[in-house]
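Asks: the sequence isn't on hand, but the structure is:
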């Protein structure tokens, strides 16, 4: 069993000037002895890279899968969720900033090996484990080992991520993921650079890679921030790109922003903005477009793209009813709905249950 204290990091190389370069994400951090990358959790120790947060978490919870959000991945099921600390983006609007911007000693109060996490998920009745709260890209070794342990017990693995990752580690990472929700934070380079300190192109590359080169089920989330990424023109361009490059069946979630972290001077997203964005996306041919962080049954309902029957109705994270079974076929016209489904008995509900794990 791997140590839950630290583990050797992967995806790095030595430079001629004596530094080592991290090759995990487009940050390409170049480190002298003892220095950490921008994510904070990957550190040079001696002549190697170390993942300092391996086996250490900011906490574990049982959540509804709809909270990730994933609406087409076993609706109504429960998922054991956890994160670590740090992030490789610098989003001014981060809604989990107390975790993603924290230092490891501040937040990492729970510890567990990959095998222990998988066992706890099975014991809780969860069908999946989600790497979330902060981006699993930066703790990829821990997430991948945990995914392997989950698969050994018949459980699914889920990544909630910004998709900011180089091609080589991306191949290894997503080979172990059954589902992902990717944050497409905006659709202009200026927004990405000014508001997240990152770039748009690598995220678009990840989305196209997932769609065309993997079997990993994925959905997309865009947090709409008033005055920053919510214009008709940007939403139109983004949803046309999704329809053209990824296809009409990729679910898209428009979620409401609330003032947080370094964007306290921006008003919360009006529900009407989400409704407007959804209408634009549907008008551009996307089949499954949802609103999030609001009570909106219409915006949370999965419709058959052919006969338009309401197949899964939701209110926020609560599944009100589900007409889909393991076949994923519309019971009214036989159309196969994109996603992963199973017989629906009773949804987990909207509750969130904290759990403690021992190493």
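Replies: Right, received. Where do you want to start? Model, not experiment: these values are computed from the prediction. Residues are numbered from 1 along each chain as shown.
Asks: tell me where the model's unsure across this protein.
Replies: Residues of the chain that meet the criterion pLDDT under 70 lie in 1-6, 96-109, 358-359.
Asks: what helices and strands are in contact with the longest strand belonging to it?
Replies: Counting by DSSP state E, the longest strand found in the chain is strand 217-224. Applying 3 or more CB pairs under 8 Å, 6 or more residues apart in numbering; DSSP states H and E, we find strand 217-224 packed against strand 179-183, helix 201-213, strand 252-256, helix 271-283. Where C-beta positions appear, they are placed from N, C-alpha and C, glycine not excepted.
Asks: could you dump these into JSON lines and include distance to residue 14?
Replies: Output for the helices and strands packed on strand 217-224, formatted as JSON lines (distance: least, CB to CB, whole Å):
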{"stretch": "strand 179-183", "distance to residue 14": "32"}
{"stretch": "helix 201-213", "distance to residue 14": "24"}
{"stretch": "strand 252-256", "distance to residue 14": "41"}
{"stretch": "helix 271-283", "distance to residue 14": "46"}
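Asks: out of these, flag the one nearest residue 192.
Replies: Of all these, helix 201-213 sits nearest to residue 192, with 7.7 Å by CB to CB.
Asks: ok now that closest one, how far from the chain's centre?
Replies: 14 Å (CA atoms, centre = their mean, to the nearest Å).
Asks: sorry, back to before: what's the angle from the longest strand of the chain to strand 252-256?
Replies: 30 degrees (axes from the mean of the first three to the mean of the last three CA atoms, to 10 degrees).
Asks: quick check: which element contains the residue most central in space within the chain?
Replies: Taking CA atoms, centre = their mean, the centroid of the chain lies closest to residue 160, which sits 1.5 Å from it. For residue 160, the host element (DSSP states H and E) is strand 156-161.
Asks: pairing partners for that strand, with directions?
Replies: strand 128-131 (parallel), strand 179-183 (parallel) (DSSP bridges).
Asks: one step back: among the helices and strands packed on strand 217-224, which is nearest residue 95?
Replies: Per CB to CB, nearest to residue 95 of those: strand 252-256, 9.1 Å.
Asks: what lines up beside the closest one in the sheet?
Replies: When DSSP bridges is applied, strand 252-256 pairs with strand 217-224 (parallel), strand 289-292 (parallel).
Asks: the next helix or strand after the shortest one pairs with which strands?
Replies: The one in question is strand 289-292. Once strand 289-292 ends, the next helix or strand along the chain (criterion: DSSP H and E) is strand 302-303. Applying DSSP bridges, strand 302-303 is found paired with strand 310-315 (antiparallel).
Asks: could you report the neighbour count for residue 65?
Replies: 28 (other CB atoms under 10 Å).
Asks: let me fix that: residue 239
Replies: Neighbour tally, residue 239, other CB under 10 Å: 25.
Asks: and if you look at the one 3 residues further on?
Replies: Around residue 242 sit 25 other residues, with neighbours defined as other CB under 10 Å.
Asks: distance of it from residue 340?
Replies: 20 Å (CB to CB, to the nearest Å).
Asks: again with residue 166
Replies: 27 Å.
Asks: of the two, give the one with the bigger neighbour count.
Replies: Taking other CB under 10 Å, residue 166 and residue 340 do not tie; residue 166 has more neighbours (19 against 16).
Asks: so what does the more buried one look like in phi/psi?
Replies: As for residue 166, its main-chain torsions (degrees, to the nearest 10) stand at phi -70, psi 160.
Asks: equivalent analysis for residue 270, please.
Replies: Dihedral angles (degrees, to the nearest 10) for residue 270: phi -70, psi 140.
Asks: for it, what are its contacts?
Replies: residue 226 (CB atoms under 8 Å, 6 or more residues apart in numbering).
Asks: can you tell me the closest non-neighbouring residue to residue 262?
Replies: Nearest residue to residue 262, sequence neighbours excluded (CB to CB, 6 or more residues apart in numbering): residue 92, at 4.2 Å.
Asks: scratch that, residue 254
Replies: residue 277 (4.5 Å).
Asks: repeat for residue 15
Replies: residue 21 (5.6 Å).
Asks: for residue 67, same thing?
Replies: In space, residue 67 is closest to residue 317, 5.2 Å off (CB to CB, 6+ apart).
Asks: can you get me a residue count around the one you found?
Replies: Residue 317: 21 neighbours (other CB under 10 Å).
Asks: for it, give me its contacts.
Replies: 64, 66, 67, 69, 349, 350.
Asks: the fifth one and residue 167, how far apart?
Replies: Yep, that's residue 349 we're talking about. 39 Å.
Asks: which one of these two has more residues nearby?
Replies: Neighbour totals were compared for residue 349 and residue 167, and residue 349 leads with 14 against 11 (other CB under 10 Å).
Asks: show me the beta-bridge partners of the nearest residue to the more buried one once chain neighbours are set aside.
Replies: Excluding its sequence neighbours, the residue lying closest to residue 349 (CB to CB, 6+ apart) is residue 318, at 6.1 Å. On the basis of DSSP bridges, residue 318 takes part in beta bridges with residue 315.
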